[in-house]
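Participant: Take this sequence and fold it.
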Amino acid sequence: MTGWARVVTVAVIIAFFIVIFLGLALGSSVSKKPDAGRPEQCELLATTTDPHAAVLEPQNTWSNFGYLIAGLLVLYRSRTLLGAMVGLNLAFEFLFSGLYHAKLNETMQTIDVAWIYVLLLAMIAYAIQSLFLPEWARKTGYPVANAPVLTAAGIAVAAVVLGVVMGIHKNDVFESTATTIALVVLLAILFLVALIVAIVRRGRAGLPPIDMSVVMPVVLIVSVGIPTLFFKFSDGPKHTFFNWCCPKAALQSHSAWHILSAVLVLVAYDFFANFSGDGRIFSFAQPKQEAA
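Facilitator: Presented below is the predicted three-dimensional model:
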């Protein structure tokens, strides 16, 4: 699917998520819990000044649009099924995280955490497919029920099921922070493997082993990743190593985490997309320069 057909399709998907989100966040169908415990964020509740406020944490709620924008870009650019799954899961993370911060409902919190796992699992699956099975990845770009498409669809469904199960058992089996870190570490290992593969392939192709196509992803991962981690672990009363908890701050740490983590997913997607010749978000290099 190309041209205006792709534009219209992606626009309809994004509009669907926005309408559902606004309807639930601004309405009363999802219950509010203003007295919920918030160990990882300390934004001043909107009900402090407006007892009838529908959105309890405005900054932490609206900053989730960063995930939706990232999802839009991936959905528009990706030509593989698992790549599109990453984009779709970014949109779902926008929906569920936004609704949790709007209502502080325990059920929405569980789904929010679960979808972080789903998103990371989808990104890991996409990285493995792009890096080790690029031909298979390219065969999933066609809307036919062939073996690669069905396999990729099965992996996408498995990521959702596993992530949801992990989210449901986040308190008794999968500790949320430790599990998230473990998945991120696995993704980081794949990133390092991809860097080594890119350097080796460039050398075999008679190109300089290291150029901007290799350096820039590292620079972006480090420059975006460090502040992302800082914001993640500096907000809320539970963090004691360093703390940036200020209820009235113009920029809430948790809001910054939402935006920067969305950018981080885009950087990772862009780098792995190169190996399967998938649609890029940025333009460090043409695919043949890095993964030929």
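
Participant: helices and strands around whichever strand or helix holds I124, which ones?
Facilitator: Assigned by DSSP states H and E, I124 belongs to helix 106-132. Here helix 106-132 touches helix 81-103, helix 134-139, helix 147-168, helix 176-204, helix 253-276, going by 3 or more C-beta pairs under 8 Å, 6 or more residues apart in numbering; DSSP states H and E. C-beta coordinates here come from the backbone N, C-alpha and C atoms, glycine included.

Participant: so I69 makes contact with V265?
Facilitator: No: contact criterion C-beta atoms under 8 Å: I69 and V265 do not qualify, at 11.1 Å.

Participant: Looking at the two, which one has more neighbours?
Facilitator: Using other C-beta atoms under 10 Å as the criterion, I69 and V265 rank with V265 on top: 26 against 17.

Participant: show me the contacts for the more buried one.
Facilitator: By C-beta atoms under 8 Å, 6 or more residues apart in numbering, the contact set of V265 is 70, 86, 90, 119, 123.

Participant: How many residues are close by the third one?
Facilitator: Going back to what we said before, that points to L90. Neighbours of L90 (other C-beta under 10 Å): 28.

Participant: Quick check: the gap between it and V173.
Facilitator: L90 sits 26 Å away from V173, going by C-beta to C-beta, to the nearest Å.

Participant: picking that back up, so can I have TSV of the helices and strands packed on helix 106-132 showing mean pLDDT?
Facilitator: Formatted as TSV, those follow (pLDDT from 0 to 100):
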stretch	mean pLDDT
helix 81-103	97
helix 134-139	92
helix 147-168	95
helix 176-204	91
helix 253-276	94
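
Participant: Looking at those, which is nearest to P227?
Facilitator: Smallest distance to P227 across the helices and strands packed on helix 106-132 (C-beta to C-beta): 5.9 Å, for helix 253-276.

Participant: The closest one versus helix 106-132: what angle between them?
Facilitator: Angle, helix 253-276 to helix 106-132, by axes from the mean of the first three to the mean of the last three C-alpha atoms, to 10 degrees: 30 degrees.

Participant: Alpha carbons of helix 253-276, in PDB - could you do that?
Facilitator: Listed next in PDB are the C-alpha coordinates belonging to helix 253-276 (Å, rounded to 0.1, in the frame of the first residue of the first chain):
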ATOM      1  CA  SER A 253       9.700  14.000  35.000                       C
ATOM      2  CA  HIS A 254       7.100  11.400  34.100                       C
ATOM      3  CA  SER A 255       5.900  13.500  31.200                       C
ATOM      4  CA  ALA A 256       9.400  13.900  29.900                       C
ATOM      5  CA  TRP A 257       9.900  10.100  30.200                       C
ATOM      6  CA  HIS A 258       6.800   9.500  28.000                       C
ATOM      7  CA  ILE A 259       8.200  11.800  25.300                       C
ATOM      8  CA  LEU A 260      11.800  10.700  25.400                       C
ATOM      9  CA  SER A 261      11.000   7.000  25.500                       C
ATOM     10  CA  ALA A 262       8.800   7.400  22.400                       C
ATOM     11  CA  VAL A 263      11.800   9.000  20.600                       C
ATOM     12  CA  LEU A 264      14.000   6.200  21.900                       C
ATOM     13  CA  VAL A 265      11.700   3.600  20.300                       C
ATOM     14  CA  LEU A 266      11.900   5.500  17.000                       C
ATOM     15  CA  VAL A 267      15.700   5.500  17.100                       C
ATOM     16  CA  ALA A 268      15.800   1.800  17.800                       C
ATOM     17  CA  TYR A 269      13.200   1.100  15.100                       C
ATOM     18  CA  ASP A 270      15.100   3.200  12.600                       C
ATOM     19  CA  PHE A 271      18.300   1.300  13.200                       C
ATOM     20  CA  PHE A 272      16.900  -2.200  13.000                       C
ATOM     21  CA  ALA A 273      14.700  -1.200  10.000                       C
ATOM     22  CA  ASN A 274      17.900  -0.700   8.000                       C
ATOM     23  CA  PHE A 275      18.800  -4.400   8.100                       C
ATOM     24  CA  SER A 276      15.600  -5.500   6.400                       C
END
